[in-house]
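A.B. asks: sequence first, then the predicted structure:
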Amino acid sequence: MSIQKVSDGRNIDRGILVFEHTSEVIRAESLLKSEGWKIRVMGPPPEIRSGCDLVIEFPLIEELKVLRTLRAAEISPIQAVPVSSPLLHPVDLFHVKDFGRYLMVRAANMKLTVDKESLTIVNISGGGCPDVPYLARHMVGKSLTEAPRPRDIGHTLCGYALQLAFEEMWRRCSL
């Protein structure tokens with residue numbers, strides 16, 4: 001089977017699942033990854049934003065199986081949309097800035113900054129959720145290996161976004 005590509009080189013054999021609430025995205029992501037699906041959480045394209053500020057990109061050819069898996073767990077996306085137009089491409093959640101000694105990863109609206117030499121978390125900022133100060137208090141000043149995972153202590157979209165930044169920082173620091 002030949003896979004067509006769009007101008008930015010990405011395959012157009014992908015679809016996106018749109019959800020009403022962030023908690024549904026988190027549950028769906030955990031379930032689908034545990035079942036071995038090749039998915040990723042992205043920002044929704046502006047044309048289909050509704051409710052949650054996250055979507056799940058999935059292999060379009062597997063749409064029926066993915067939806068069946070979600071239904072069995074009582075998780076219902078608002079819609080499943082094929083990524084057939086450049087306007088429907090999900091938005092990458094990550095932005096990385098290297099400040100020399102410090103590396104900052106932004107995922108959605110949350111920023112995590114680490115001292116590259118010691119791998120100590122020096123700053124957490126962004127978001128507007130009530131658990132951001134709590135997350136910062138428990139993570140800043142600790143190394144990436146000692147700090148709690150944001151997903152284990154946070155319960156909001158900001159905590160989830162910080163978890164994504166935390167995982168990306170781990171990947172970039174090759175831990």
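C.D. replies: Ah, there it is.

A.B. asks: any idea what the residue nearest to Gln79 when sequence neighbours are not counted is bridged to?
C.D. replies: Closest residue to Gln79 apart from its sequence neighbours, by CB to CB, 6 or more residues apart in numbering: Val18 at 4.9 Å. C-betas here are computed from N, CA, C, even on glycine. Under DSSP bridges, the beta-bridge partners of Val18 are Val55, Gln79.

A.B. asks: please look at Val18 and Ile78 and confirm they touch.
C.D. replies: Yes - under the criterion of CB atoms under 8 Å, Val18 makes contact with Ile78 at 4.7 Å.

A.B. asks: those two: which is more packed in?
C.D. replies: Val18 (21 against 16; other CB atoms under 10 Å).

A.B. asks: do a quick rundown of the strands in this protein.
C.D. replies: 14-18, 40-42, 55-59, 79-82, 94-98, 102-107, 110-115, 120-126 (DSSP state E).

A.B. asks: may I see the buried residues of the second one?
C.D. replies: Within strand 40-42, the residues that qualify as buried by neighbour count (16 or more other CB atoms under 10 Å) are Val41, Met42.

A.B. asks: so for that strand, what's the average pLDDT?
C.D. replies: The pLDDT scores in strand 40-42 average 87.

A.B. asks: what's the answer for the fourth one, then?
C.D. replies: On average, the pLDDT along strand 79-82 is 88.

A.B. asks: packing partners for that strand?
C.D. replies: On a contact count with 3 or more CB pairs under 8 Å, 6 or more residues apart in numbering; DSSP states H and E, strand 79-82 meets strand 14-18, helix 63-72.

A.B. asks: can you tell me which of these is packed in deepest?
C.D. replies: Among these, ranked by average contacts under mean count of other CB atoms under 10 Å, first place goes to strand 14-18 (a mean of 23).

A.B. asks: show me what that one is packed against.
C.D. replies: Strand 14-18 packs on strand 55-59, helix 63-72, strand 79-82, going by 3+ CB pairs under 8 Å, 6+ apart.

A.B. asks: for that strand, C-alpha coordinates in PDB please.
C.D. replies: Only the C-alpha atoms of strand 14-18 are listed here, as PDB (Å, rounded to 0.1, in the frame of the first residue of the first chain):
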ATOM      1  CA  ARG A  14      -3.700   9.600  10.400                       C
ATOM      2  CA  GLY A  15      -6.800  10.600  12.100                       C
ATOM      3  CA  ILE A  16      -7.500  12.600  15.300                       C
ATOM      4  CA  LEU A  17      -9.900  11.800  18.100                       C
ATOM      5  CA  VAL A  18     -11.600  14.800  19.700                       C
END
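
A.B. asks: would you mind listing the residues in contact with the residue nearest to Lys116 when sequence neighbours are not counted?
C.D. replies: Once flanking residues are discounted, Lys116 sits nearest to Leu103: 5.3 Å by CB to CB, 6+ apart. Shown in contact with Leu103 (CB atoms under 8 Å, 6 or more residues apart in numbering): Val96, Lys97, Thr113, Val114, Lys116, Met169, Arg172, Cys173.
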